[in-house]
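Undergrad: give me a 3D structure for the following:
(2 chains)
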Amino acid sequence: NAGVMQNPRHLVRRRGQEARLRCSPMKGHSHVYWYRQLPEEGLKFMVYLQKENIIDESGMPKERFSAEFPKEGPSILRIQQVVRGDSAAYFCASSPPAGEQFFGPGTRLTVL
Amino acid sequence: ILNVEQSPQSLHVQEGDSTNFTCSFPSSNFYALHWYRWETAKSPEALFVMTLNGDEKKKGRISATLNTKEGYSYLYIKGSQPEDSATYLCAFRVGTNAGKSTFGDGTTLTVKP
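TA: This is a model prediction of the structure:
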């Protein structure tokens, strides 16, 4: 049973470009969570999704960030017009409903 | 806003020492408390999930206790080894939004040989 998969593991973008981060949950998990770790900071909640639904996006920046978890395929965290301050490690976790979360290896985004 | 606080922020111990750290969380509307171990350049790894007041969990040399009435959990490591060096995170979930976890900033443990 494969764990939570994230790709790419490392992503480099120039300011103004778009970044797309993908997360495939563990088999049987219907819930996906995205977290961000800024340099020298802890893990901060961004958004919690079920298939085709955003349950809680209280941690998402108001602009440029969006997330989806379609009926088929991975969850995607999309950052438009990236800025240097978006450089961080982005972790995805998945769980069964209200169950324990298992984390993916993270995507390290660097904005030049 | 939910505040989850962990102390100390960092800890340096000698191999063989026993140690413990604290996670404080709001005592109302408790759903679950999780402990994770997070090594540098890896993803957080689940250690324990605790749901009942008075819960005690143990895995090898690591154990945890939970007091939901006063809002704290302790993580204990007996006979620390260099491979225990990591950041230990706790995460709190409330009953009204059990899917969302609020993480503390972690306690970073360094065990010197």
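Undergrad: nearest residue to residue B:111 in space, please, no chain neighbours.
TA: Closest residue in space to residue B:111, ignoring its immediate chain neighbours: residue B:80 at 4.5 Å, by CB to CB, 6 or more residues apart in numbering or on different chains. In short, each C-beta sits where N, CA and C put it, glycine included.
Undergrad: repeat for residue B:14
TA: Excluding the flanking residues, the one nearest residue B:14 by CB to CB, 6+ apart is residue B:112, at 5.5 Å.
Undergrad: so what pLDDT did the one you found get?
TA: On pLDDT, residue B:112 comes in at 95.
Undergrad: low pLDDT regions in the chain?
TA: Just going to use chain A. Residue ranges of chain A with pLDDT under 70: A:1, A:98.
Undergrad: that's the wrong chain, I wanted chain B
TA: In chain B (pLDDT under 70), the answer is B:1-2, B:96-98.
Undergrad: now stretch B:15-26: buried residues?
TA: Neighbour counts over stretch B:15-26 (16 or more other CB atoms under 10 Å in any protein chain shown) mark B:19, B:21, B:23-25 as buried.
Undergrad: contact residues of chain A facing chain B?
TA: Counting by CB under 8 Å from any CB of the partner chain, chain A comes close to chain B at A:4, A:31, A:33, A:35, A:41-45, A:48, A:55-56, A:58, A:91, A:95, A:97-98, A:100-106.
Undergrad: in strands only, show me these.
TA: If you go by DSSP state E, the residues of chain A next to chain B have A:31, A:33, A:35, A:43-45, A:48, A:55-56, A:91, A:95, A:102-103 in strands.
Undergrad: ok, and the most crowded of these?
TA: residue A:33 (27 neighbours; other CB atoms under 10 Å in any protein chain shown).
Undergrad: right, and it touches residue A:100 too?
TA: No. In this structure, residue A:33 is not within contact of residue A:100 by CB atoms under 8 Å, at 11.6 Å.
Undergrad: coming back round to it: with secondary structure added, can I get the buried residues of stretch B:15-26 in CSV?
TA: Formatted as CSV, the buried residues of stretch B:15-26 follow (DSSP: H, G, I helix; E, B strand; the rest coil):
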residue, secondary structure
B:19, strand
B:21, strand
B:23, strand
B:24, strand
B:25, coil
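Undergrad: just those now: which is nearest residue B:99?
TA: Distance to residue B:99 across the buried residues of stretch B:15-26 (CB to CB) is lowest for residue B:25, with 16.6 Å.
Undergrad: returning to that earlier point: between the buried residues of stretch B:15-26, which sits nearest residue A:71?
TA: Closest approach between those and residue A:71, by CB to CB: residue B:25, at 35.1 Å.
Undergrad: quick check: that closest one vs chain A, distance?
TA: Distance, residue B:25 to chain A, by CB to the nearest CB, to the nearest Å: 14 Å.
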